[in-house]
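> here are the coordinates; sequence isn't available:
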């Protein structure tokens with residue numbers, strides 16, 4: 001193995017079967033400052049590298065949908081990149097159990113790229129056989145079977161964030177009528193606050209609107225409740241980081257998931273972002 005320049009730039013080659021999360025991983029790496037190129041034909045990759053050099057971290061997405069994909073050709077490309085002294089290569093292979101891949105295809109109603117005229121089961125099995133040699137060569141194998149998008153994002157950030165950031169936060173709102181979201185770490189019930197739904201002028205609005213937020217924040221219990229929530233989260237974050245947790249999910253629930261929970265989720269997310277935390281936000285009922 002050649003000596004690697006201490007200033008070598010990372011190249012992350014992201015691959016794996018369709019439906020395992022490759023596109024999500026590429027997008028996260030791009031957000032982290034990597035130059036991201038997805039589905040580049042293999043024959044063009046050497047031209048790209050030689051023409052531009054490796055001047056910045058790169059994330060390259062390659063899978064069986066590439067026009068000239070072949071396992072042997074991809075393995076040769078991996079060895080070519082691994083031999084460069086100005087680059088530090090990591091082959092990231094995203095995988096998932098066959099049943100999970102089938103479920104994801106059922107949810108999206110997509111046809112499998114390797115079996116467009118056949119059942120998804122055929123495509124999943126065919127692709128796993130095709131990708132087996134690449135899986136064996138991978139430097140990092142990430143099973144996404146039990147991960148949602150937010151958890152996968154947090155895992156990629158944990159391994160590849162240039163600033164060493166190791167804990168991603170997500171804040172969401174929901175309606176108790178539809179149940180508590182899965183994989184939530186902290187849940188706060190805010191149904192005790194005054195409900196804007198009963199105000200005719202506010203009913204058609206939601207907690208992202210200033211009028212609704214003002215109404216909720218006028219409740220005498222609001223300030224004390226939110227202050228305690230913020231203090232608790234700030235207290236817990238260092239402990240979760242020390243424990244090695246890569247993702248923390250916080251949820252606020254109310255009756256309809258439109259007003260109070262959205263207001264509190266928006267407020268907490270803004271406060272944590274102002275603290276310098278990396279925060280994503282989701283309003284489950286507003287996205288329906």
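Nice, I can see it. It should be emphasised that the depicted structure is a prediction, and the values quoted were computed from it without experimental measurement.
> distance of residue 205 relative to residue 137?
Distance, residue 205 to residue 137, using CB to CB, to the nearest Å: 54 Å. From N, CA and C alone the C-beta is placed, and that goes for glycine too.
> ok, now residue 11?
15 Å.
> out of the two, which sits in the busier spot?
Legend: neighbour count by other CB atoms under 10 Å for residue 11 and residue 137, higher for residue 11 (22 against 17).
> let's see the pLDDT reported for that one.
pLDDT for residue 11: 88.
> three-state assignment of it?
Here residue 11 takes the strand state, with states given by DSSP: H, G, I helix; E, B strand; the rest coil.
> now residue 19
Going by three-state DSSP, the secondary structure assigned to residue 19 is coil.
> now do the strands in the stretch 151-288 of the chain.
Applying DSSP state E, counting those that start in this stretch to the stretch 151-288 of the chain gives strands spanning 168-175, 186-189, 247-254, 279-283.
> rebuild those strands as JSON lines, extending it with distance to residue 57.
Below are these laid out as JSON lines (distance: least, CB to CB, whole Å):
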{"stretch": "strand 168-175", "distance to residue 57": "19"}
{"stretch": "strand 186-189", "distance to residue 57": "33"}
{"stretch": "strand 247-254", "distance to residue 57": "22"}
{"stretch": "strand 279-283", "distance to residue 57": "22"}
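> quick one: least confident helix or strand in the chain?
Between all helices and strands in the chain, the lowest mean by mean pLDDT, DSSP states H and E belongs to helix 45-52, at a mean of 75.
> buried stuff in stretch 209-229?
209, 212, 213, 215, 216, 222, 226, 229 (16 or more other CB atoms under 10 Å).
> what mean pLDDT does that stretch have?
97.
> and stretch 194-205, by the same measure?
Per-residue pLDDT over stretch 194-205 has a mean of 96.
> kindly report the same for stretch 119-138.
85.
> ok so, going back, which residues does the least confident helix or strand of the chain contact?
By CB atoms under 8 Å, 6 or more residues apart in numbering, the residues outside helix 45-52 that reach it are 37, 40, 60, 77, 80, 81, 84.
> sorry, back to before: make JSON lines from the strands of the stretch 151-288 of the chain and add distance to residue 142 and mean pLDDT to it.
Shown next, in JSON lines, are those (distance: least, CB to CB, whole Å; pLDDT from 0 to 100):
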{"stretch": "strand 168-175", "distance to residue 142": "15", "mean pLDDT": "91"}
{"stretch": "strand 186-189", "distance to residue 142": "25", "mean pLDDT": "97"}
{"stretch": "strand 247-254", "distance to residue 142": "14", "mean pLDDT": "92"}
{"stretch": "strand 279-283", "distance to residue 142": "19", "mean pLDDT": "89"}
